[in-house]
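Asker: for reference, the sequence and a predicted model appear below.
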Amino acid sequence: MRIRWYNQLDDANKAKLEFKHRQGGKGYKVTFDTQFDFDDPGFSWTKALKLSFDKLPEQGQLLWGVEHTPVLICRYTRQYFISNCQKIRATFDKNICVYDQRYKADANLNRSVPLGDYVLLELKADAEFDKELSRLLATCPLRQSRHSKYVNGIRQLMWQ
């Protein structure tokens, strides 16, 4: 489960709970609206996550399961692009850093750990345009690889 919100780090009033799935080699997300008020003097992850869980419909609670412990906040700058034919989407992520949330009752929004000086390019297309995406990737002089900001964030926190 992932909590996603945009813009200011301390403004999660329009957040989304995302549950990522893979089926037949393709990924998809199921999302639900939520909110967190980091300005509340009584904010704690335990209370905030329980409240979010309780507000979910049954499907969301089943997807969430029993894990209610935050691990990290990942923050980055993203640029979006879409091809002229509207079939292929590209994102560039940079300034990637994580905020350790382990072992803390409140939200750590002040002490970040950078993941390094690099730019992450991600190319995506709907399943019906897989062939077009494959043809494009065949022309790129870049090495394709899997990347997880979450996994790399955990690694960085473990070795800092």
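Answerer: Thanks, I have it. Just so it is clear, the model here is predicted, and its values are computed rather than measured.

Asker: mean confidence score for stretch 50-57?
Answerer: Mean per-residue pLDDT for stretch 50-57: 94.

Asker: could we number from 392 for the rest of this?
Answerer: With the count now opening at 392, the last piece we talked about shows up as stretch 441-448.

Asker: what's in contact with it?
Answerer: In this structure, residues lying in contact with stretch 441-448 by CB atoms under 8 Å, 6 or more residues apart in numbering are 408, 423, 425, 427, 452, 455, 459. The C-beta positions use only the backbone N, C-alpha and C, and glycine is treated the same way.

Asker: try it again at 10 Å.
Answerer: 392, 394, 406, 408, 423-428, 435, 451-457, 459 (CB atoms under 10 Å, 6 or more residues apart in numbering).

Asker: now residue 422, which residues is it bridged with?
Answerer: As for beta bridges, residue 422 partners with residue 409 under DSSP bridges.

Asker: tell me the contacts of it?
Answerer: 393, 395, 407-411, 451.

Asker: roughly how far does the residue of the chain positioned farthest from its centre sit from residue 520?
Answerer: Most distant residue from the mean C-alpha position of the chain: residue 530, 28.4 Å away (CA atoms, centre = their mean). In this view, residue 530 and residue 520 are 16 Å apart by CB to CB, to the nearest Å.

Asker: and the residue nearest to residue 435 when sequence neighbours are not counted, what element?
Answerer: Leaving aside its chain neighbours, residue 435 sits nearest to residue 496 (4.7 Å; criterion: CB to CB, 6 or more residues apart in numbering). For residue 496, there is no helix or strand it lies in under DSSP states H and E.

Asker: shouldn't residue 496 be in contact with residue 437?
Answerer: Yes. Taking contacts as CB atoms under 10 Å, residue 496 lies within contact range of residue 437: 6.8 Å.

Asker: state the mean pLDDT of stretch 535-550.
Answerer: Per-residue scores along stretch 535-550 average to 89.

Asker: can I get that stretch in PDB, CA atoms only?
Answerer: The C-alpha coordinates for stretch 535-550 follow below in PDB (Å, rounded to 0.1, in the frame of the first residue of the first chain):
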ATOM      1  CA  GLN A 535      16.500  -0.800 -19.500                       C
ATOM      2  CA  SER A 536      16.100  -1.800 -15.900                       C
ATOM      3  CA  ARG A 537      13.600  -2.200 -13.100                       C
ATOM      4  CA  HIS A 538      13.600   0.500 -10.500                       C
ATOM      5  CA  SER A 539      11.800   1.000  -7.200                       C
ATOM      6  CA  LYS A 540      12.100   4.300  -5.300                       C
ATOM      7  CA  TYR A 541      10.700   2.500  -2.300                       C
ATOM      8  CA  VAL A 542      13.200  -0.400  -2.400                       C
ATOM      9  CA  ASN A 543      16.100   2.000  -3.000                       C
ATOM     10  CA  GLY A 544      14.900   4.200  -0.200                       C
ATOM     11  CA  ILE A 545      14.800   1.300   2.200                       C
ATOM     12  CA  ARG A 546      18.300   0.300   1.100                       C
ATOM     13  CA  GLN A 547      19.600   3.900   1.700                       C
ATOM     14  CA  LEU A 548      18.000   4.100   5.100                       C
ATOM     15  CA  MET A 549      19.500   0.800   6.200                       C
ATOM     16  CA  TRP A 550      23.000   1.700   5.100                       C
END
